[in-house]
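[1] can't give you the sequence, but here's the structure:
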């Protein structure tokens with residue numbers, strides 16, 4: 001009779017431990033999935049931003065013939081940032097890739113701000129409906 005009680009207690013401990021370990025594992029898997037989903041949302045917005053930049057540059061080219069160095073800097077910064085985003089998308093947990101993306105994004109932000117400052121000098125460009133729409137989409141993204 002005591003052996004049955006001891007075996008029952010041992011079985012109960014194993015069942016409780018198995019349920020506890022399973023719940024911890026499921027919680028960790030859920031957190032990993034939330035992490036991947038969060039980065040996927042960021043990645044979608046970054047890709048949208050990268051897709052808008054060539055349209056913005058093309059619109060500005062006609063008006064800003066003398067500012068080719070600014071336009072080239074924006075294109076170069078966009079390409080670097082897109083490459084860094086691709087590297088991070090392959091492994092979002094890689095801290096070095098994330099640092100590279102952060103650096104590339106700050107360079108792209110600086111190049112875009114220079115483009116916006118230069119575009120202020122061209123009243124026809126500021127009045128262009130396509131340029132205004134692209135600028136608004138880029139800002140909201």
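    Sure thing, it's come through. Note that this is a predicted model, so its numbers are computed, not measured. Numbers count the residues shown, from 1 in each chain.

[2] report the next helix or strand after the worst-scoring helix or strand of the chain on mean pLDDT in sequence order.
    Ranking every helix and strand in the chain by mean pLDDT, DSSP states H and E puts helix 123-127 at the bottom, with a mean of 63. Per DSSP states H and E, the first helix or strand lying C-terminal to helix 123-127 is helix 129-140.

[3] in stretch 19-27, which residues are buried?
    Judged by neighbour count (16 or more other Cβ atoms under 10 Å), stretch 19-27 contains no buried residues. Heads up, the C-betas are built off the backbone N, CA and C, glycines and all.

[4] which strand or helix spans the closest residue in space to residue 78 that isn't next to it in sequence?
    Among residues not flanking residue 78 along the chain, residue 53 sits closest, at 4.6 Å (Cβ to Cβ, 6 or more residues apart in numbering). In the assignment (DSSP H and E), residue 53 maps to helix 2-61.

[5] mind checking pLDDT for residue 84?
    pLDDT recorded at residue 84 is 89.

[6] what number of residues lie near residue 62?
    By other Cβ atoms under 10 Å, the residues close to residue 62 number 11.
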